[in-house]
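# Here you go, sequence then predicted model.
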Amino acid sequence: MVSRAEKIISRSLRAVLADLPDGAGSGDSEPFRAVLSGLEFFLPHQVLREIYPEWDHESLDGIMPLLARKTGQGEAEIFGLCILISDQTVTPIHVRVQVAASVDEVSCLECRLGERGKRGMVRMPYDSSSKMAKRLYALDGKQAQIDWVYKVTFGQRRLSAVAAEGPQQLDELLRVSPRLDRPDWVAERNPDFGPWEQIFYGEFDGHRAKRVLVKVIGE
């Protein structure tokens, strides 16, 4: 079921991106502020808590974008700082979000949050956030250089009709996705694959510790 926060993100982001060319900055506006408010709830409560149990006791108290731009069809990138509600410190955040074209839902999301330091996640006092902001400005386009503490990806990015031709044909051969749903893969309490079916996990983002979340729903 789509949450109220997800509906707000979807409707507001479509309004923000409607007349923007790819690569253009979103600027400040009431719809963009609504996107940030929606993400402030959506990311900790419906994304991070699914994988990281410590987020049961943590949340966000604001997102301060340093850079925000349209990156594709119904898609935006937001890079900046977020405020952790537990102690009002700030830490880096990088989000790529794409919303569905005709329904109010998030179709694809990549969230990177928190920079890893020598003593755990880097957290700076709110009144010192300008120091971190200057460093992040220099890392625009180089976000992969940050050693992120939390990384979550779900959904499948929707490409334009022209850009999708090659990937669509490749997808017929290799079904690659950060999320895989099948209604008929468990029978008699065992995986029920066809004679040539297998699942492979490929890591394309460096040799870092990852979690694989498996949900089995049924009787």
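Done, it's in. Because the structure is a prediction, the values reported are computed rather than measured.

# in this protein, which spans are helices?
4-17, 30-42, 129-138, 165-173 (DSSP state H).

# Let me have these in JSON lines, extended by mean neighbour count.
Backbone N, C-alpha and C define where each C-beta goes, glycine included. Shown next, in JSON lines, are the helices of the chain (neighbours: other Cβ atoms under 10 Å):
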{"stretch": "helix 4-17", "mean neighbour count": "20"}
{"stretch": "helix 30-42", "mean neighbour count": "19"}
{"stretch": "helix 129-138", "mean neighbour count": "13"}
{"stretch": "helix 165-173", "mean neighbour count": "10"}
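
# mind giving me CSV with those and columns for mean pLDDT and distance to residue 148?
Formatted as CSV, those follow (pLDDT from 0 to 100; distance: least, Cβ to Cβ, whole Å):
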stretch, mean pLDDT, distance to residue 148
helix 4-17, 95, 21
helix 30-42, 96, 17
helix 129-138, 84, 13
helix 165-173, 50, 25
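
# now the ones you listed in a markdown table, with distance to residue 61?
Formatted as a markdown table, those follow (distance: least, Cβ to Cβ, whole Å):
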| stretch | distance to residue 61 |
| --- | --- |
| helix 4-17 | 15 |
| helix 30-42 | 7 |
| helix 129-138 | 13 |
| helix 165-173 | 38 |
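
# can you count the residues close to residue 151?
17 (other Cβ atoms under 10 Å).

# quick one on the thing from earlier: and the helices of the chain: which comes nearest residue 111?
When the helices of the chain are compared by Cβ to Cβ, helix 30-42 sits nearest residue 111, at 8.7 Å.

# which residues touch that closest one?
Residues outside helix 30-42 that contact it (Cβ atoms under 8 Å, 6 or more residues apart in numbering) are 3, 5-6, 8-9, 12-13, 15-16, 26, 60-63, 65, 68, 76, 78, 82, 95, 97, 106.

# Please identify which of the helices of the chain is closest to residue 113.
Closest to residue 113 of those, according to Cβ to Cβ: helix 30-42, at 10.9 Å.

# Quick one: residues contacting residue 93.
Per Cβ under 8 Å, 6+ apart, neighbours of residue 93: 63, 78, 79, 80, 81, 82, 111, 112, 113, 114.

# Tell me which two in these are the farthest apart.
Within these, 78 and 114 form the most distant pair, 15.2 Å apart (Cβ to Cβ).

# what number of residues lie near the closest residue to residue 212 other than its chain neighbours?
In space, not counting the residues next to it along the chain, residue 212 is nearest to residue 201; the distance is 6.5 Å by Cβ to Cβ, 6 or more residues apart in numbering. As a burial measure, residue 201 scores 7 neighbours (other Cβ under 10 Å).

# where in this structure is pLDDT low?
156-185, 187-188, 192-198, 200, 203-209, 218-219 (pLDDT under 70).
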